[in-house]
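Undergrad: quick one: sequence plus predicted model below, questions after.
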Amino acid sequence: MNVWQRTLRHRSARIGLELRYGLLPGTQVLVHRTNDRTIQFAGQHEFLRFTRNPSAPAVVDAVVAVEGGNNFSEDFSGTVGAAISKEFAGRGAIYLQPLMVFNTRPLNSTAPDEHTFLLGVGGRLRLWQSRTYVVFEAAPQVAGYSDGVDHVSFGIETRAGGHVFQFTVANALGTTYRQIARGGEPLAGSAASLPSERAP
């Protein structure tokens, strides 16, 4: 049995559904639920925008989030940080997300640290003039909780009307901030979700 067969035998897909609502220009709130019954509530507010080139702005957003297991009834975690994005005139974007994620250490872990500081990096590249993008991200743990390997993923994203759909192959099944902070394994499975980044 090769490594792909072992991976598919022991792992499955994680589906995350996300609803975002814009309260004010530059301000949005969201709810994200995964098929393991984790629910995450989050808010994002733009507080800096650099528009030397209006078609390729750079934006800094503040990010806060809280999540809980079993339909937000237990095992809570919080996240604070920033989302920094740079667009490239309709061709794609790059992202940097410094995030402090609290209560990330699993109960069965022997790691000394309970919380994790992540430095997420990612990007998306538009395929010609289509509504399809290639996306990638990594979330290395800079400090705090360890265990396992850092989260890495790549995938395909497509857009239809006001909706964004993404199929992702990752070394972990997580789609919330804490799930991503817990990392994964060299090969783990796939996750289908709506992305958490600002779309260009």
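TA: Alright, I've got the coordinates.
Undergrad: from here on, contacts and neighbour counts on C-alpha atoms
TA: Will do.
Undergrad: name the element the closest residue to Ala58 other than its chain neighbours belongs to?
TA: Nearest residue to Ala58 in three dimensions, chain neighbours excluded: Lys86, at 4.3 Å (Cα to Cα, 6 or more residues apart in numbering). Element membership for Lys86 (DSSP states H and E) is strand 74-87.
Undergrad: could you do Arg178 as well?
TA: helix 177-181.
Undergrad: quick one: pLDDT of the residue nearest to Arg159 when sequence neighbours are not counted?
TA: Excluding its sequence neighbours, the residue lying closest to Arg159 (Cα to Cα, 6+ apart) is Arg131, at 5.6 Å. We have a pLDDT of 83 for Arg131.
Undergrad: so who does Arg131 touch?
TA: Shown in contact with Arg131 (Cα atoms under 8 Å, 6 or more residues apart in numbering): Thr158, Arg159, Ala160.
Undergrad: tell me the pLDDT of the last one.
TA: Reading off the confidence values, Ala160 has pLDDT 80.
Undergrad: thinking again about what came up before, so the residue nearest to Arg159 versus Lys86, what's the distance?
TA: Taking Cα to Cα, to the nearest Å as the measure, Arg131 falls 19 Å from Lys86.
Undergrad: same question, His45
TA: Counting by Cα to Cα, the gap from His45 to Lys86 is 16 Å.
Undergrad: low-confidence ranges in the chain?
TA: When residues are selected by pLDDT under 70, those of the chain lie in 1-13, 185-200.
Undergrad: mind listing the helices for it?
TA: Taking DSSP state H to define them, one finds helices in the chain at 3-10, 69-72, 177-181.
Undergrad: residue contacts, Ala58?
TA: For Ala58, the contacting residues are Arg49, Phe50, Thr51, Ile84, Ser85, Lys86, Glu87, by Cα under 8 Å, 6+ apart.
Undergrad: can you map out the strands along this protein?
TA: Taking DSSP state E as the criterion, the chain carries its strands at 13-24, 27-34, 39-50, 58-68, 74-87, 92-101, 116-126, 132-139, 141-144, 151-160, 163-170, 189-193.
Undergrad: mind listing what's buried along the longest one?
TA: Using 16 or more other Cα atoms under 10 Å as the test for burial, strand 74-87 gives Phe76, Ser77, Gly78, Thr79, Val80, Gly81, Ala82, Ala83, Ile84, Ser85, Lys86, Glu87.
Undergrad: so who does the fourth one touch?
TA: When you say that, I think you mean Thr79. Val63, Val64, Ala65, Val66, Leu99, Met100, Val101, Phe102, Tyr177, Arg178.
Undergrad: distance check, the closest residue to Arg178 other than its chain neighbours against Pro140.
TA: Closest residue to Arg178 apart from its sequence neighbours, by Cα to Cα, 6+ apart: Thr104 at 5.8 Å. Taking Cα to Cα as the measure, Thr104 falls 14 Å from Pro140.
Undergrad: the two: which is more packed in?
TA: Counted by other Cα atoms under 10 Å, Thr104 and Pro140 do not tie: Thr104 has more neighbours, with 24 against 20.
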